[in-house]
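1. could you work out the structure for the sequence below:
(2 chains)
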Amino acid sequence: MVGAATVDRREADGADVTAGDALAVDERAGGVVVRVRGAWTLRTALLVDDQLRALGERTAGSVTVDAAGLRRLDSAGAWVIQRTIARLGARGVPIEVVGLRDGLRSIFDKAAPEDPSTAIAPPAGSAVLDTLEKMGRRWVEALRTGRSLLGLLGVVVASLGRVVVRPGTLRGTAVVAQIEATGVRALPIVGLLCFLVGVVLAYMGALQLTRFGAAVLTVNLVGVTVLREIGILLTAIIVAGRSGSAFAAQIGTMKVNQEVDALETMGMSVIDVLVLPRVVALMVALPALTVFADVAGIAGGAVVCLFLLDLSSAQFLTQLASGVTIWSFLVGLIKAPVFALVIALVGCHNGLGVSGSAESVGRQTTRAVVESIFLVIILNAIFAVTFAEIGI
Amino acid sequence: MQAVPDVETGPAISVRGMVNRFGAQTVHDGLDLTVERGEILGVVGGSGTGKTVLLRAIIGLQRPAAGEVTLLGERVAWDGSSTARLAGRFGMLFQEGALFSALTVGQNIEVPMRERGGIPSTLMDELARLKVALVGLPADACGKFPSQLSGGMKKRAGLARALALDPEVVFLDEPTAGLDPIGAAAFDELILDLRRALGLTVVMVTHDLDSLARICDRIAVLVDKRIVAGTMAELMANPHPWIREYFHGPRARAAFETAAFETAAFETPALTAGEEG
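-> This next block holds a predicted model:
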């Protein structure tokens, strides 16, 4: 008899129970007697769900629920019984429950129906209106972001002014650590990418210019494009992806852990401790990286010129010296601190904008990268037009 | 009429010789634990004694360095296979609720029901609303997202999800931490009701001395990398220094005295009420 004792719980739950075993509806002259028997768990509830719904709708006269045979009850089982009782009650049918065991009483009572109109899914509106509303919200949000970014810029500039007056107040260790993280560690990736772009640029240029017998102008093409545009733009985009996101994630995580609140409670300024070192560090690191990127890009171009166009290194250098001026280099370099400021500010701004959950850290990090790359490219276009207008 | 036995025989949970290590640090060393069906077991221990690790290992989330775990007669395999077979038969309330943030509370509760399959969506909605009411949340919490809830409400919603399929065993990781005393007491009552009605087995990590005294049948204390388990009276008499300090501290005494008074005055334990034929 050991086998009978170790019966699978799923059987005991009513796996082989049919609707007829669990529920018997006995219609008499005086009213309806509903017998519920055995184990009323989710499985049983599924079997008798439709039958009970129908019962709740059509039965008239008095109803007695005989629960004497009820052995086991879970909340799903209790619910389908209670729901039927409530439905009948709402239709004015007198109803009575008899024979329910004390042990099952509390779960039975707890399963009383709630207001069935409560929404489970978030409310869905009209698609067109929703889209319009979302667009409007985006615009307002973008304008608000712009305003609060300008606010942060103001605070940072004020803070920077204080540091200029009293250099001792700058947190030097933090600045050096950030220069290492954002500058030194970015050297390999920036160098490699700029070298490869220099190679591609020279290769494409050589293919086209050879047709006009002006292959040697490839050197000018590579020199001017890398120094004026590619070096700084590529570096700024890499740094926005690497460090802008890191700033947002670091500060955002601190915000979620309430570390930012702790700093403020101890009387420290979040701007001085977290934002300023990052801004200063990036304004040092990005120009330095740009110089390195310029060298790597031109080296990439040089490799193509030397091997594909059979120029000698002396020819390459002479051609380069005649093709570019010091302004080609400076035009690129002037943009670097501006881009650095934008990337650092956008990163920190999004980090400080984290609210509540870890999910928000991820969202803000993505926004930091998108916004800073967007702003860098817009600013770059403005720079290009301005420089062209003033003739450098 | 011959009644079919309600439940399988054998303990709900059995842990044999469990060893857990993190790097050089051994958290559990040859830990044994048996939890009977229908029992409410409290797990206590100092910080870093591996209370949560123990729960995670039992439910198959974390593979211990050695030892074996049997949960509801199923050998836990720590590769997801046993968890899949046991789906719906146990539930876990994580410390912060661990609700899916992209879903509303109601949809969160319906996740295990959808996974089970075969439940009409009307009934799922009804049951989700019922669970929300059962754990003492207001009805309008159903349509709210987890980010719109307070910490205590998230816990209740997490419990509602753990109870979605009326499991046999629930694991609670600090269920009453962060709740106000009234909410915590209501939570305790809820657990007792569910046990009475469903024969629910409960394993709860808790530091709430009132909960321990009020609802736990036995208490498992994690000391010296193992478990010392016993009833309140047995542990009160235990000479181990940490256990003595825990159960004889001023806060413990106050909690236990209140509980003893209430139990004597207002009710008699009805452990087996839901099981007699």
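
2. tell me which other helices or strands the longest helix that chain A contains touches.
-> For chain A, the longest helix by residue count, based on DSSP state H, is helix A:127-165. Packed against helix A:127-165 by the contact rule (3 or more CB pairs under 8 Å, 6 or more residues apart in numbering or on different chains; DSSP states H and E) you find helix A:276-308, helix A:326-352. All C-beta atoms are positioned from the backbone trio N, CA, C, and that covers glycine.

3. I'd like the mean pLDDT over the helix or strand encompassing B:Thr258, please.
-> Using DSSP states H and E, B:Thr258 falls within helix B:250-266. Per-residue pLDDT values over helix B:250-266 give a mean of 67.

4. the helix or strand harbouring A:Met204 to helix A:276-308, inter-axis angle?
-> Counting by DSSP H and E, the element that carries A:Met204 is helix A:187-210. Helix A:187-210 and helix A:276-308 are oriented at 40 degrees to each other (axes from the mean of the first three to the mean of the last three CA atoms, to 10 degrees).

5. re the thing from before, nearest to chain B, out of the helices and strands packed on helix A:127-165?
-> helix A:326-352 (18.1 Å; CB to the nearest CB).

6. burial of A:Ala78, as a residue count?
-> By the criterion of other CB atoms under 10 Å in any protein chain shown, A:Ala78 has 27 neighbours.

7. cool, and A:Val97?
-> Around A:Val97 there are 17 other residues, counting by other CB under 10 Å.

8. doesn't it lie inside a strand?
-> Yes. Under DSSP: H, G, I helix; E, B strand; the rest coil, A:Val97 falls within a strand.

9. B:Ile40 is nearest to which of the helices and strands packed on helix A:127-165?
-> Nearest to B:Ile40, of all the helices and strands packed on helix A:127-165, is helix A:326-352, at 44.3 Å by CB to CB.

10. show me the helices in the stretch 101-250 of chain B, by range?
-> Listed in chain order, the helices of the stretch 101-250 of chain B (DSSP state H, counting those that start in this stretch) span B:105-116, B:121-134, B:151-162, B:181-198, B:209-215, B:232-236, B:241-248, B:250-266.

11. what does the model give the residue in the stretch 201-350 of chain A positioned nearest to chain B for pLDDT?
-> Taking CB to the nearest CB as the measure, the stretch 201-350 of chain A has A:Val256 as its residue closest to chain B, at 11.9 Å. Each residue has a pLDDT score; the one for A:Val256 is 89.

12. so what's it up against?
-> Residues counted as contacts of A:Val256 (CB atoms under 8 Å, 6 or more residues apart in numbering or on different chains) are A:354, A:356-358, A:360-361.

13. change it to 7 Å
-> A:354, A:358, A:361 (CB atoms under 7 Å, 6 or more residues apart in numbering or on different chains).

14. drop anything exposed from these.
-> Buried members of the contacts of A:Val256, scored by 16 or more other CB atoms under 10 Å in any protein chain shown, are A:354, A:361.

15. by mean pLDDT, flag the weakest helix or strand of chain B.
-> The weakest-scoring helix or strand in chain B, judged by mean pLDDT, DSSP states H and E, is helix B:250-266 (a mean of 67).

16. low-confidence ranges in chain A?
-> A:1-17, A:29, A:114-118 (pLDDT under 70).

17. what is the neighbour count of A:Gly172?
-> Residues within reach of A:Gly172, counting by other CB under 10 Å, total 11.

18. got the helices and strands packed on helix A:127-165 as JSON lines, with mean neighbour count columns?
-> Shown next, in JSON lines, are the helices and strands packed on helix A:127-165 (neighbours: other CB atoms under 10 Å in any protein chain shown):
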{"stretch": "helix A:276-308", "mean neighbour count": "23"}
{"stretch": "helix A:326-352", "mean neighbour count": "23"}
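
19. just send these back as a markdown table, with distance to A:Leu233 too.
-> Output for the helices and strands packed on helix A:127-165, formatted as a markdown table (distance: least, CB to CB, whole Å):
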| stretch | distance to A:Leu233 |
| --- | --- |
| helix A:276-308 | 9 |
| helix A:326-352 | 8 |
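
20. kindly reformat the ones you listed as JSON lines containing distance to chain B.
-> Below are the helices and strands packed on helix A:127-165 laid out as JSON lines (distance: least, CB to the nearest CB, whole Å):
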{"stretch": "helix A:276-308", "distance to chain B": "28"}
{"stretch": "helix A:326-352", "distance to chain B": "18"}
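
21. what helices and strands are in contact with the biggest strand by length in chain A?
-> When chain A is parsed with DSSP state E, its longest strand is strand A:62-73. Packing partners of strand A:62-73 (3 or more CB pairs under 7 Å, 6 or more residues apart in numbering or on different chains; DSSP states H and E): strand A:31-40, strand A:95-98, helix A:102-110.

22. just checking, which helix or strand succeeds that strand along the chain?
-> Going down the chain from strand A:62-73, the next helix or strand is helix A:75-90, by DSSP H and E.

23. could you give the angle of that next one to helix A:102-110?
-> Using the same axes, to 10 degrees: helix A:75-90 against helix A:102-110 is 60 degrees.

24. average pLDDT across stretch B:44-58?
-> In the prediction, stretch B:44-58 has an average pLDDT of 86.

25. against A:Ala302, how distant is A:Val219?
-> Going from A:Val219 to A:Ala302 by CB to CB, to the nearest Å gives 8 Å.

26. now do the shared contacts for these two.
-> A:Phe316.

27. quick one, phi/psi of B:Glu74?
-> Main-chain torsions, B:Glu74, degrees, to the nearest 10: phi -110, psi 130.

28. neighbours of it, how many?
-> 16.

29. check whether it really touches B:Ala84, as I assumed.
-> No. The pair B:Glu74 and B:Ala84 fails to qualify as a contact (CB atoms under 7 Å) at a distance of 10.3 Å.

30. which other residues reach the helix or strand harbouring A:Ala181?
-> Per DSSP H and E: A:Ala181 is located in helix A:172-182. Here helix A:172-182 makes contact (CB under 7 Å, 6+ apart) with A:239, A:243, A:277-278, A:280-282, A:284-285.

31. need the max-distance pair from the residues you listed.
-> Maximum pairwise distance in those, criterion CB to CB, is 15.9 Å, between A:Val239 and A:Pro277.

32. moving C-terminal of the helix holding A:Met204, what's the next helix or strand?
-> Following helix A:187-210 toward the C-terminus (DSSP H and E): helix A:217-225.

33. who are the contact partners of A:Thr169?
-> Residues in contact with A:Thr169 (CB under 7 Å, 6+ apart) are A:162-163.

34. meant to ask about A:Arg53
-> Counting by CB under 7 Å, 6+ apart, A:Arg53 makes contact with nothing.

35. swap in A:Gln364?
-> A:Gln364 sits next to A:248, A:252, A:350-351, A:353-354 when contact means CB under 7 Å, 6+ apart.

36. please, which helix or strand holds it?
-> Taking DSSP H and E as the definition, A:Gln364 sits inside helix A:358-390.

37. in the stretch 251-392 of chain A, which residue sits nearest chain B?
-> For the stretch 251-392 of chain A, CB to the nearest CB, closest residue to chain B: A:Glu359, 5.2 Å.

38. can you tell me, leaving aside adjacent residues, what's nearest to that residue?
-> Distance criterion CB to CB, 6 or more residues apart in numbering or on different chains; nearest residue to A:Glu359, sequence neighbours excluded, is B:Ser101 at 5.2 Å.
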